[in-house]
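> return atomic coordinates for the entry below.
(chains A, B, C and D)
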Number of protein chains: 2
Amino acid sequence: MTPRQNRPTINQVAAAAGVTKSSVSRAFTRPEMLSEETVRKIFAAAEQLGYVPNHTARALSTGRHGNIALIVPDVANPFFPPLIRAAQAEADRSDYCVFLGNSDENPQQEDKLIGRFTGQVEGFVLVSSRLSDEQIIDHAARRPVVLINRDVKGIPRILIDSATGVAEAVAHLAGLGHKKLVYVGGPHGSWSNKQRRSAVRRSARELGLDVTVISNEFAAFESGRKITASVLATGATAAIAFDDLTAQGMLAELADQGIAVPADFAVVGCDDVLGAATYPSLTTVSNRSVEAGKAALNLLMDILQNQAIRDVRYVLNTNLVIRKTTGPARNATSESGSPDQSR
Amino acid sequence: MTPRQNRPTINQVAAAAGVTKSSVSRAFTRPEMLSEETVRKIFAAAEQLGYVPNHTARALSTGRHGNIALIVPDVANPFFPPLIRAAQAEADRSDYCVFLGNSDENPQQEDKLIGRFTGQVEGFVLVSSRLSDEQIIDHAARRPVVLINRDVKGIPRILIDSATGVAEAVAHLAGLGHKKLVYVGGPHGSWSNKQRRSAVRRSARELGLDVTVISNEFAAFESGRKITASVLATGATAAIAFDDLTAQGMLAELADQGIAVPADFAVVGCDDVLGAATYPSLTTVSNRSVEAGKAALNLLMDILQNQAIRDVRYVLNTNLVIRKTTGPARNATSESGSPDQSR
DNA sequence: GCTTGACATGCAACCGGTTGCATTAAATAG
DNA sequence: CTATTTAATGCAACCGGTTGCATGTCAAGC
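Numbers count the residues shown, from 1 in each chain, chains lettered A, B, ... in the order given. A predicted model of the protein is given here:
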């Protein structure tokens, strides 16, 4: 019934090498304690038997599992995979294994996952956590936790500040002669959406641009298509979308309607999840999810080493990535130019 | 130095409940062995102390960890996240935790990951494994392994048969009057690539079409762009690409060169990872990665239960999803039509 | 009323390592 | 040449559970 492997144990190696298991253990963990001769003997025996230390047993006696957990709201959202990949790679460098959890944007699910993982991991990285501050603080009291895109005081966190990039986008559009623009929003509860929306408003005010905000609960290609009519109805010449998927939907709809981008209308995305893979390639705000994932893991490793859990708040600024969906405003030869025919 | 939690142990619960640890253990694993009274006492004590069984200790004595590992070539490739998500969800239903491994398309890395995971997992799901058959068989001898998109005799496997969809694609193009087409390949080691390539060849032969195969090691947007020149150079009027990303890159390049799709050139992708999110929306072969992920996990759970490792080979058929990048061949009014000018 | 079970619980070994302390042998000091 | 240190290894307890077998209890069977 027991699905145990009959892998050789430390005792068998000890017997084969003519030493006790303490020595075998030491040969693998602190070889400098043993004579070179003995270490050699033990390694030879281990090699010959195909011995590999039992991770579980080791974890039991040391309390160190060499695992961490990474929890994201939705693996399938293109924003996360590069982050996951980076975190993975970084964990790998320290010989850590990573558990992946998918919360489905659901706080209860997230809590349940954390419960399942606790006890086999040394620490957590929670990405865009949907838990309450209290829950996060609570978990952080048991195990080291690092947050990404969640700003809870006292918990080490990495924040991607899209406001800087969005501000650049507005300035970029202003420089191209656009006078009136639209911000196409994203999910209601989203911290990023709030951050972006207010960044657009602030910058527009400073630069004397006119902004219309259009709500659009679902950030996705199809909803981007559908919202396009309302966007055009505002008479704006440019739009900044909550994310790249929305922007991409808009591009498709504009193309269908024979509106040339960027000649007739400019579009800016956010998060750069599509790379240059739209046509025309999308001007967007950089995402720094790769750095965020990497930084979160380094921070966690650091905390696991130094015990001293510091209140780190690490902000990654973003910037505008100018590609081909933005250009001079229609009927606006920058400063001078011909009279505006559209009014 | 030991980062151990001072969580209550089974002994403390035992003391508090006035029983031995055996009984506490049984209360949690086989409560029907104990009197209701005792179970109640133990649960009360456990509750009061906040006791949670130690996963590691349990795993050590039972050899059952409640973990499985999922290894993919590249998390960031849009083909995988939905599969990962589905597998996750399925594992979750059985209270299993999943380790995620990213092999970076590298057999050595994959091997290393498997090594790291073995010993803490009960089984593996290897997706599009880049290991040799021998290596896979070797690992499968130690731990249950389920493969996705890899056909190794004797190892339980889930295969997404893109051949059916690709055959439909060729027929579709033939029906539209295309006479000469190109297959733009994918990674060398990829089983899917071989499968698709031979499906294209076979169908084309049956339908009397002319096919050129162009190799293209890296399946990605940029490489799709770059390969386009060679594709056009063949004089073909349609191309089937190894995957959607490649196809998308080709679309962008074609657009840049002023070649209209589908009027001047038809493009078919594979895997349907982009949905309708290209412009024009891409005709492609459906992917069944979600079902594959789910099926693989169910199969693995099954194997873990029934021990009897069966030689399962589960094939998921695909079909063509016709969108807007395919249309009548240039200069080919179906059957009749004007003489072919290009020769 | 004594035997026979069935049921509930305890005992102790075991899973496979790690580690503080004791022991022994060899090296250095006096 | 003996006393003291130092280096290498062994001993045994421990990590926190699980589980086969022994023990004890109480009720039913004869």
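> relative to A:Pro156, how far out is A:Asp302?
A:Asp302 is 9 Å from A:Pro156, where distance means C-beta to C-beta, to the nearest Å. C-beta here means a position set from N, CA and C on the backbone, and glycine is covered the same way.
> next one: A:Ile10
Following C-beta to C-beta, the distance that separates A:Ile10 from A:Pro156 is 37 Å.
> next: A:Val182.
Using C-beta to C-beta, we find A:Val182 at a distance of 37 Å from A:Pro156.
> among those two, which residue is more densely surrounded?
More crowded of A:Val182 and A:Pro156, by other C-beta atoms under 10 Å in any protein chain shown: A:Val182, with 26 against 22.
> ok, then the element right after the helix or strand harbouring the more buried one?
Taking DSSP states H and E as the definition, one finds A:Val182 inside strand A:180-184. From strand A:180-184 onward toward the C-terminus, using DSSP H and E, the following helix or strand is helix A:191-207.
> can you give the strand pairings for the helix or strand that that following helix is followed by, parallel or anti for each?
The first helix or strand that comes after helix A:191-207 along the chain, using DSSP H and E, is strand A:210-214. Strand A:210-214 has the following sheet partners, assigned by DSSP bridges: strand A:180-184 (parallel).
> show residues contacting the strand it pairs with.
A:170, A:173, A:196-197, A:200-201, A:204, A:209-214, A:216, A:224, A:227, A:231, A:234-242, A:246-247, A:250 (C-beta atoms under 8 Å, 6 or more residues apart in numbering or on different chains).
> with just CA atoms, put that strand into CSV.
Only the C-alpha atoms of strand A:180-184 are listed here, as CSV (Å, rounded to 0.1, in the frame of the first residue of the first chain):
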residue,chain,number,x,y,z
LYS,A,180,-8.9,65.7,-26.6
LEU,A,181,-8.4,62.1,-25.4
VAL,A,182,-10.3,59.2,-23.8
TYR,A,183,-9.3,56.9,-21.0
VAL,A,184,-10.9,53.5,-21.5
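> follow-up on the earlier one: restricted to buried residues, select the contacts of strand A:180-184 in ChimeraX.
Below is the selection syntax for ChimeraX that covers the buried ones among the contacts of strand A:180-184, with 16 or more other C-beta atoms under 10 Å in any protein chain shown defining burial:
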select /A:170,173,196,197,200,201,204,209,211,212,214,216,224,227,231,236,237,238,239,240,241,242,246,247,250
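> what is the neighbour count of A:Ser35?
10.
> what residues sit buried inside stretch A:64-74?
Buried positions in stretch A:64-74, judged by neighbour count with 16+ other C-beta under 10 Å: A:65-74.
> before we move on, what about stretch A:50-64?
Of the residues in stretch A:50-64, those scored as buried under the neighbour-count criterion (16+ other C-beta under 10 Å) are A:51, A:53-60.
> try stretch A:133-146
A:135-136, A:139-140, A:143-146.
> stretch A:242-255 now?
Buried residues in stretch A:242-255, counting neighbours by 16+ other C-beta under 10 Å, are found at A:242-255.
> before we move on, what about stretch A:310-320?
A:314, A:316, A:318, A:320.
> let me know the closest of the residues you listed to B:Ala15.
Taking C-beta to C-beta as the measure, B:Ala15 lies nearest A:Tyr314 of those, at 45.0 Å.
> surely the closest one meets A:Leu159?
Yes - with contact defined as C-beta atoms under 8 Å, A:Tyr314 counts as touching A:Leu159 (7.0 Å).
> low-confidence ranges, the stretch 51-200 of chain A, go.
Low-confidence segments of the stretch 51-200 of chain A (pLDDT under 70): A:189.
> residue numbers of it in contact with DNA strand D?
The interface of the stretch 51-200 of chain A toward DNA strand D, taken as C-beta under 7 Å from any atom of the strand, is made up of A:57, A:60-61.
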